[in-house]
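1. coordinates only, sequence not included:
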């Protein structure tokens, strides 16, 4: 009986370690995804700055093209004005004036468009400044988050190694038949092979325990499985029950 009680304690400890390992492993598996999400945010901020700069580059190219058109048209106007001094008829003179006026109108329209594009450029440059500042502030904060996650990953890996080592040592001390029973149940029940009895109920499935079985579970005379969920049932007295038991023994 004493030996079985020790085995119970070891099985309970094994369950505690396995629970801890599951928690640690679950958190570890989440960390790469969290880091990837942060890196995606950093890239999104960077892409926004790149797109704004591309817009500015497109704007500058458009202005250069407009300015080139203006330059070409001004050269044409200058040529026509020079020709005014050489024409010999009113018809030729009138025709040249009309050409000069039409080209000057085109120049005026193009220069208005250049001014508009300059105003757009001012807006884009402000967009770049805002996006760059936001990128700098956000990137610093997000990189700190990544550093914190990397540190947490390191701590969790150390815990996992610690718990794994403890588990390896513990399973060597558990009788093979009880260990195999534990492993079989854990495999079927999501890693939870044991269930504590609380107020005459299996804490995992809330199945009520028969009185005689309950007494045997309390004194840990042998292993009992829950008739509903199939887990190994165990009893741990509350602190009040422990105090009451100690008081009874001391009064004898």
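-> Alright, I've got the coordinates. Bear in mind the structure is a predicted one, so any value in this text is a computation, not a measurement.

2. Quick check, residue 39 in contact with residue 146.
-> Yes - counting by C-beta atoms under 8 Å, residue 39 touches residue 146, with 7.4 Å between them. No exception for glycine: its C-beta is placed from N, CA and C like everyone else's.

3. what does stretch 40-51 contact?
-> For stretch 40-51, contacts defined as C-beta atoms under 8 Å, 6 or more residues apart in numbering pick out 128, 131, 132, 134, 135, 138, 139, 142, 143.

4. ok, and for it, which residues are buried?
-> For stretch 40-51, burial by neighbour count (16 or more other C-beta atoms under 10 Å) applies to 42, 45, 48, 49.

5. swap in stretch 50-57?
-> Applying a neighbour-count criterion of 16+ other C-beta under 10 Å, one finds 52, 53, 55, 56 buried in stretch 50-57.

6. Stretch 184-191 too?
-> Applying 16+ other C-beta under 10 Å to stretch 184-191 flags 185, 186, 189 as buried.

7. for the record, mean pLDDT for that stretch?
-> Mean per-residue pLDDT for stretch 184-191: 96.

8. and it, how far from the chain's centre?
-> 30 Å (C-alpha atoms, centre = their mean, to the nearest Å).

9. What of stretch 226-233?
-> For stretch 226-233, the distance to the chain centre is 38 Å (C-alpha atoms, centre = their mean).

10. before we move on, back to that, wait, which of the buried residues of stretch 50-57 is closest to residue 31?
-> Within the buried residues of stretch 50-57, the smallest distance to residue 31 is 32.4 Å, found for residue 52 (C-beta to C-beta).

11. which residues does that closest one contact?
-> Residue 52 neighbours (C-beta under 8 Å, 6+ apart): 124, 127, 128, 131.

12. Kindly recompute the last result at 10 Å.
-> 124, 125, 126, 127, 128, 129, 130, 131, 132 (C-beta atoms under 10 Å, 6 or more residues apart in numbering).

13. Show the buried residues in these.
-> Listed as buried from the contacts of residue 52 are 124, 127, 128, 131, 132; burial here means 16+ other C-beta under 10 Å.

14. Helix or strand with the lowest mean pLDDT in the chain?
-> Lowest on mean pLDDT, DSSP states H and E among the helices and strands of the chain sits helix 239-251, with a mean of 45.

15. thinking again about what came up before, make TSV out of the contacts of stretch 40-51 and add secondary structure, pLDDT and distance to residue 198.
-> What follows is those, written out as TSV (DSSP: H, G, I helix; E, B strand; the rest coil; pLDDT from 0 to 100; distance: C-beta to C-beta, whole Å):
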residue	secondary structure	pLDDT	distance to residue 198
128	helix	94	63
131	helix	92	58
132	helix	92	59
134	helix	89	53
135	helix	90	54
138	helix	91	49
139	helix	91	51
142	helix	94	45
143	helix	93	47
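
16. which one among those gets closest to residue 228?
-> When these are compared against residue 228 (criterion: C-beta to C-beta), the nearest one is residue 142, at 48.5 Å.

17. any idea which element the nearest residue to residue 160 once chain neighbours are set aside lies in?
-> Leaving out its chain neighbours, the residue that sits closest to residue 160 by C-beta to C-beta, 6 or more residues apart in numbering is residue 24, at 4.9 Å. Residue 24 belongs to helix 2-84 when assigned by DSSP states H and E.

18. could you give me the average pLDDT of that helix?
-> pLDDT averaged over helix 2-84 gives 91.
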